[in-house]
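Engineer: This is the structure alone, sequence omitted:
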Ligand code: NAP
Ligand code: ZN
Ligand code: ZN
């Protein structure tokens, strides 16, 4: 077994603290990644605090991982020692069902194996995430990170990046489309960058007036305060696509009403409470709501390559792991520009 240092939550109410554990010795297709940076996703907070139910403790969160390959199993084909590599939200799946065969393993019929807060496929070993020094993962679920990309800025691509790239691609966003991004957090700022790169006319909807300047700097063409009723009314039936990244309870109708004929609301945010939806808001303009979960292995590599070609990384605040509890509190206050990334050297 391989000794690893990490930071874990031991209950829904306890702060995260140091936690040593072990990872398996390498199997034939495994790589060992020495973690350089690990992004902090709002899903880490939802799960550490058991907001979705069924959390497993001790829990080492973290599913936005970038590091160097330091060892490879005997049959590994994709990687060699020294490569920069990424691990995201998923570390395994059944590999046999239709979605898995189509490299859309996030929709595996047996359920994908998450990077943490679940059991590995042996149903015994608790999967532990990226707030740690090392990770072992089958090469199928490990990605190449171009050396053109800053490794700290690249870490959030593994969740915030793919979670916003995938639905925008699925919705077929093209030059000239009118796209609304709701929420300027980790996912929102990546969605904004992708929608702009895809050539859309992008409007950022935020509860934080202070974010207008940043939204424009990040490429937004327009900014709307979603508490400004007059401005919201003005944008009714205007957008082709709404990307909803909100982490807190809210009314879906507020944003559905922004959609024009056949408009789609792409839901990626996962608040604890479930919203009511008035069917009237759906039948008007024949609107639809589409959910989307991260992205599969093929699309995740495609997104990383797209980012390398288009010079896209997350805007990050790099922190030592000892500041993680304070970082969680700041995320809950929407006070982060726009993703915390842990420098794992602080744990080595
Ligand atoms: P985040 O960085 O905290 O951003 C969420 C944003 O929501 C905030 O920046 C804020 O934007 C807005 N917001 C927060 N509280 C609000 C409130 N009370 N009312 C209205 N707006 C509020 O979170 P994230 O990491 O981007 O994650 C966003 C959500 O996506 C989370 O629920 C997460 O679990 C989920 N997620 C889903 C997937 C998936 O596969 N579908 C993957 C990753 C994450 P403004 O300040 O601009 O208003
Ligand atoms: Zn995430
Ligand atoms: Zn499967």
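Structural biologist: Here it is on my side, so go on. None of these values were measured; they are calculated from a predicted model. Numbers count the residues shown, from 1 in each chain. Ligands and ions are numbered 1, 2, ... in the order given.
Engineer: going forward, measure contacts and count neighbours with C-alpha atoms only.
Structural biologist: Fine.
Engineer: ok, the closest residue to residue 29 other than its chain neighbours to residue 2 distance?
Structural biologist: Distances taken as C-alpha to C-alpha, 6 or more residues apart in numbering place residue 76 nearest to residue 29, at 4.9 Å, with adjacent residues excluded. Distance of residue 76 to residue 2, given as C-alpha to C-alpha, to the nearest Å: 19 Å.
Engineer: Show me which residues of this structure sit near ligand 2.
Structural biologist: Contact residues, the chain versus ligand 2 (C-alpha under 5 Å from the ion): 41, 159.
Engineer: again, 8 Å this time
Structural biologist: 40-44, 62-64, 89, 158-160, 163, 294 (C-alpha under 8 Å from the ion).
Engineer: Can you list which of those are found in helices?
Structural biologist: Taking DSSP state H, the ones among those that sit in helices are 42-44, 160, 163.
Engineer: now, which of those sits nearest residue 190?
Structural biologist: Residue 190 has its nearest neighbour among those in residue 160, at 6.5 Å by C-alpha to C-alpha.
Engineer: how about the residue nearest to the closest one when sequence neighbours are not counted, secondary structure?
Structural biologist: The shortest distance from residue 160 to any non-neighbouring residue, by C-alpha to C-alpha, 6+ apart, is to residue 187 (4.6 Å). For residue 187, the assignment made with DSSP: H, G, I helix; E, B strand; the rest coil gives helix.
Engineer: ranges for the helices of this protein?
Structural biologist: So, for the chain - with DSSP H - the helices run 42-48, 98-101, 151-154, 160-170, 186-197, 212-217, 229-234, 252-256, 279-283, 297-310, 324-332.
Engineer: so which of the ones you listed is the most packed in?
Structural biologist: helix 186-197 (a mean of 26; mean count of other C-alpha atoms under 10 Å).
Engineer: and the angle for that one with helix 324-332?
Structural biologist: For helix 186-197 against helix 324-332, the angle by axes from the mean of the first three to the mean of the last three C-alpha atoms, to 10 degrees is 60 degrees.
Engineer: Mind telling me which residue of the stretch 151-300 of the chain is nearest ligand 2?
Structural biologist: Of all residues in the stretch 151-300 of the chain, residue 159 sits closest to ligand 2, at 4.6 Å by C-alpha to the ion.
Engineer: My read is that that residue contacts residue 66, right?
Structural biologist: No. If you go by C-alpha atoms under 8 Å, residue 159 and residue 66 don't touch, sitting 11.5 Å apart.
Engineer: neighbour-wise, which of those two wins?
Structural biologist: Neighbour count, other C-alpha atoms under 10 Å: between residue 159 and residue 66, residue 66 has more, with 32 against 29.
Engineer: Going along the chain, name the strands of the stretch 51-200 of the chain.
Structural biologist: Secondary structure of the stretch 51-200 of the chain (DSSP state E, counting those that start in this stretch): strands at 65-72, 84-87, 90-92, 113-114, 118-119, 126-127, 134-138, 142-144, 178-182.
Engineer: What pairs with the third one, parallel or antiparallel?
Structural biologist: Taking DSSP bridges as the criterion, strand 90-92 sits next to strand 113-114 (antiparallel) in its sheet.
Engineer: gap between the strand it pairs with and the chain center?
Structural biologist: 14 Å (C-alpha atoms, centre = their mean, to the nearest Å).
Engineer: And stretch 196-210, by the same measure?
Structural biologist: Per C-alpha atoms, centre = their mean, the centroid offset for stretch 196-210 relative to its chain is 18 Å.
Engineer: What residues does the stretch 51-200 of the chain have near ligand 1?
Structural biologist: 159-160, 163, 183-188 (C-alpha under 6 Å from any ligand atom).
Engineer: Now narrow these to whatever sits close to ligand 3.
Structural biologist: Residues of these in contact with ligand 3 (C-alpha under 8 Å from the ion): none.
Engineer: Turn these into TSV, including pLDDT and distance to residue 16.
Structural biologist: Output for these, formatted as TSV (pLDDT from 0 to 100; distance: C-alpha to C-alpha, whole Å):
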residue	pLDDT	distance to residue 16
159	98	21
160	98	22
163	98	25
183	97	26
184	97	26
185	97	22
186	98	21
187	98	23
188	98	26
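Engineer: could these be laid out in JSON lines, adding distance to residue 119?
Structural biologist: Compiled in JSON lines, these are given as follows (distance: C-alpha to C-alpha, whole Å):
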{"residue": "159", "distance to residue 119": "20"}
{"residue": "160", "distance to residue 119": "23"}
{"residue": "163", "distance to residue 119": "22"}
{"residue": "183", "distance to residue 119": "32"}
{"residue": "184", "distance to residue 119": "32"}
{"residue": "185", "distance to residue 119": "29"}
{"residue": "186", "distance to residue 119": "26"}
{"residue": "187", "distance to residue 119": "26"}
{"residue": "188", "distance to residue 119": "30"}
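Engineer: and the gap between the residue located most distally from the centre of the chain and residue 236?
Structural biologist: Here the centre of the chain is the reference, and by C-alpha atoms, centre = their mean the most remote residue is residue 230, at 32.1 Å. Note on residue 230: its distance to residue 236, by C-alpha to C-alpha, is 10 Å.
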